[in-house]
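Q: Kindly return the folded structure for what I paste below:
(chains A, B, C and D)
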Protein chains: 2
Amino acid sequence: MKKTQNRRMTLQRKTILEVLRQTNIHPSADEIYMMVRERLPRISLGTVYRNLEVLSESGFIQKLELGGTIKRFDWNPKKHYHIRCLRCGRVDDAPIAPFNRLENELYGVTVYTIIGHRLEFEGLCPSCTKNNHPS
Amino acid sequence: MKKTQNRRMTLQRKTILEVLRQTNIHPSADEIYMMVRERLPRISLGTVYRNLEVLSESGFIQKLELGGTIKRFDWNPKKHYHIRCLRCGRVDDAPIAPFNRLENELYGVTVYTIIGHRLEFEGLCPSCTKNNHPS
DNA sequence: AATGCTATCAGTAACCATTATCAATACAAT
DNA sequence: ATTGTATTGATAATGGTTACTGATAGCATT
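A: Modelled structure (predicted):
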């Protein structure tokens, strides 16, 4: 029995959404917190985490769990792939269409019920490619 | 200037490697800690983390950064894909050959220097499939 | 055997992203 | 206005991981 979830588009929630939609750097919760504070200086970090969770559950945005330790957020809720710089952590969209039939490859050869897949490319961003003198 | 790394195959290191090779559950550092303690009761959790890092850097094992928050370890250092249960976190090898040319898809259409990719399937394991009555 | 060098150890503290808690507040429906 | 619930800001707690520290163990050279 799921309890009713009456969600209100509060100023905090709306501001977080607007701020996220203005960037394509796939920011972390803390980066979003710093950006939002320029418009709502008294907002709490907990509020940012809470609303990022709500917004991604509601399908407005997408929570990314890529390599590394931190979670990032994407204003675009549609399925697409990403590419991450192994040196500085920068994340961009991967300019490649998603494989919609990839799950079929596992049909009949796994005991799992397949739901989806996550594909992430790893590499070096332009800046880190340039400065890639071995340490 | 990289400092010399004279690595010794200590008892702790060897035991961790042996214990990991006896399982296919892709255990976390803490799970490995508990398993190793049955043979080395006085080993420290820090030692486990340190040696898992050394062993993966040396190519003996593989560190997995899948979805979710914790890191897991795989006795098989060769590139292969995994499938993770969204409900209980169980991880198995995905019975599908890796796409070796996938990076070529991005050649010329990204500003990144592509190094590799990570593909992970998500689904429900048999046990969680059976018990999947909606909450 | 004694010495010196260095890797590794166990134990513990620190770190950091994230979650949980809670009293106070804002909003919506009556 | 009043009641009920969602949300907030502030802060504490959590949990996985990493860093620090002084002690110990292995190895090469005397």
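Q: Can you tell me how far A:L66 is from B:E18?
A: 32 Å (C-beta to C-beta, to the nearest Å). The way it works is simple: take the backbone N, C-alpha and C, and place the C-beta from them, glycine included.
Q: more neighbours, the two?
A: A:L66 (19 against 13; other C-beta atoms under 10 Å in any protein chain shown).
Q: how far does stretch A:94-106 stretch from start to finish?
A: 24 Å (C-alpha to C-alpha, to the nearest Å).
Q: Now that stretch: buried residues?
A: A:94, A:96, A:102-103, A:105-106 (16 or more other C-beta atoms under 10 Å in any protein chain shown).
Q: Show me which residues of chain A are close to DNA strand C?
A: When proximity is defined by C-beta under 7 Å from any atom of the strand, chain A lies next to DNA strand C at A:8, A:10-11, A:28-30, A:45-46, A:49, A:53, A:69-71.
Q: what about the worst-scoring helix or strand of chain A on mean pLDDT, distance to the chain center?
A: One helix or strand of chain A scores below all others by mean pLDDT, DSSP states H and E: helix A:126-130, with a mean of 93. Centroid displacement of helix A:126-130 relative to its chain, using C-alpha atoms, centre = their mean, to the nearest Å, is 23 Å.
Q: ok, now stretch A:47-55?
A: Averaged over its C-alpha atoms, stretch A:47-55 has a centre that lies 13 Å from its chain's centre (C-alpha atoms, centre = their mean).
Q: what's the answer for stretch A:64-74, then?
A: Distance, centroid of stretch A:64-74 to centroid of chain: 6 Å (C-alpha atoms, centre = their mean).
Q: can I get the CA coordinates of that stretch in PDB?
A: Taking Å, rounded to 0.1, in the frame of the first residue of the first chain, the C-alpha atoms of stretch A:64-74 are listed here in PDB:
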ATOM      1  CA  LEU A  64      23.700   9.200 -12.500                       C
ATOM      2  CA  GLU A  65      25.700   6.500 -10.800                       C
ATOM      3  CA  LEU A  66      28.900   6.500 -12.800                       C
ATOM      4  CA  GLY A  67      32.300   5.300 -11.900                       C
ATOM      5  CA  GLY A  68      33.900   7.000  -9.000                       C
ATOM      6  CA  THR A  69      32.400   7.700  -5.700                       C
ATOM      7  CA  ILE A  70      29.900  10.600  -6.100                       C
ATOM      8  CA  LYS A  71      26.500  10.800  -7.700                       C
ATOM      9  CA  ARG A  72      25.800  13.200 -10.500                       C
ATOM     10  CA  PHE A  73      22.600  14.700 -11.900                       C
ATOM     11  CA  ASP A  74      21.400  15.200 -15.400                       C
END
